[in-house]
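Quick one, structure for this:
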Amino acid sequence: MGKYFIDTEGNDDQAYLEAMRFACKLADDDSEVKRIVILVHTKNNTGWFERLLGHEGVKRLLAGTKISGCATLFKIETMKTFDDYSSVNIVIACALDSQDLYKIDDFLTVRSIIAIPWLRERVAEWIGTWGPLDIRNQKVVPAFEAPSCVVQRAMRSLTSTINMSTGISHPSDNERAKTFILALHKYEAKLDANQVAGFLIRELGWATDAAQEIAKLIATLNEGKFFKGGERTGLQHHYKRWKEECQRGVADDE
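Purely as a prediction, here's the structure:
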C-alpha cells in the first residue's frame, strides 16, 4: 500500500487540491482503482471542499462524482460509512489522526493513503510507522528507528510462534506476548512502543491493530503500570537466548 502525506497544518485549502490531483495520477496508473475516497470524520467536516467546490460541489461528492480532468470517481465517505467491502480505493484522509489511519491501513481495498493532517502531531505515530512520501516536496519522511537487535530477535520469535491471523487475541499467544514484553522491559535498556510497533508492521507484516496491542503493553510498563498475565519467572532465560542469537548473528555477518 502506498503511503503519502502533505506536511501541513490547519486550513490549507491548497493541500486538498494537491492531494486530489496526486490521487488522480495514482489512479490513472492503476486500472484496478475505481474510486478516490475523500475520508472525513463526519459529514460536517467538509468545509474545505465547500470553499473549493461550493455547496453543490460537496453534494455531488457525497453522492459520488467525476471531476474535470480526472477519469476516476471521487466520493466523500465518513469513518462510519467507509468499509472494506467496496471497490479498490485511493483514500485522501482529511484531518484524521494516527488511530484513524491505522484502521484504514488494514483495509484490503485501499491501494494508497494520502494523509492531510489538521495538526501534524496527531499523525506523528502514523508517519513514524510508515515513513511516507511528502507529495508537496517529494521527500520521504524518515520512519522510526528500528529497535535493538535483541528486541528484533524477540519480536521475530514471537511472530514465528503465534497465529498471525488473530494477532495476540488467543490466550496462549497473549500470554507469550506478555511474557516477552516483560522480559524486554526488565532487561533491555530502552523499549520504545512506537519503534516496536513500527518494526512489527513494516518488517514482520503484522496487522496494525495487532501491533498496537503490543505497543499498549509496552506503554503500560513504561508508565509504571502493570498488566495481568505473562510469566514473571525465568525472564532472564528468554533475554539471554535473544542476546546470544544477536551475538551469533554478528559473528556470522563478520
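
Give the burial count for Glu145, as a bare number.
Glu145: 12 surrounding residues under other Cβ atoms under 10 Å. Every residue, glycine included, has its C-beta placed from N, CA and C.

where does this protein dip in pLDDT?
Where the chain drops to pLDDT under 70, the residues are 250-254.

what's the lengthiest helix in it in contact with?
Determined from DSSP state H, the single longest helix within the chain is helix 235-253. Applying Cβ atoms under 8 Å, 6 or more residues apart in numbering, the set of residues contacting helix 235-253 from outside is 149-150, 153-154, 157, 179-180, 182-184, 186-188.

Now do the same contact list for the residue nearest to the spatial centre of the chain.
With distances taken as Cα atoms, centre = their mean, the chain has Tyr102 as the residue nearest its mean C-alpha position (4.0 Å). Taking Cβ under 8 Å, 6+ apart as the criterion, Tyr102 is in contact with Trp126, Thr208, Asp209, Gln212.

Tell me which residues touch the last one, please.
The neighbourhood of Gln212, defined by Cβ under 8 Å, 6+ apart, consists of Tyr102, Ala197.

so when I look at it, I'm seeing a strand, right?
No: with DSSP: H, G, I helix; E, B strand; the rest coil as the criterion, Gln212 is located in helix rather than a strand.

Tell me how far it lies from Ile168.
Noted for Gln212: a distance of 11 Å to Ile168, by Cβ to Cβ, to the nearest Å.

Just the ones of the contacts of helix 235-253 in strands?
Filtering the contacts of helix 235-253 for membership in strands, criterion DSSP state E, returns an empty set.

all helices of this protein, in order?
Under DSSP H, the chain gives helices at 13-28, 47-63, 98-105, 124-130, 149-161, 171-187, 193-202, 208-222, 235-253.

Tell me which of the ones you listed lies nearest to Ile116.
Each of the helices of the chain has some distance to Ile116 by Cβ to Cβ; the shortest is helix 13-28, at 5.1 Å.

which parts of that closest one are buried?
By neighbour count with 16 or more other Cβ atoms under 10 Å, helix 13-28 contains the buried residues Ala15, Tyr16, Glu18, Ala19, Met20, Phe22, Ala23, Cys24, Leu26, Ala27.
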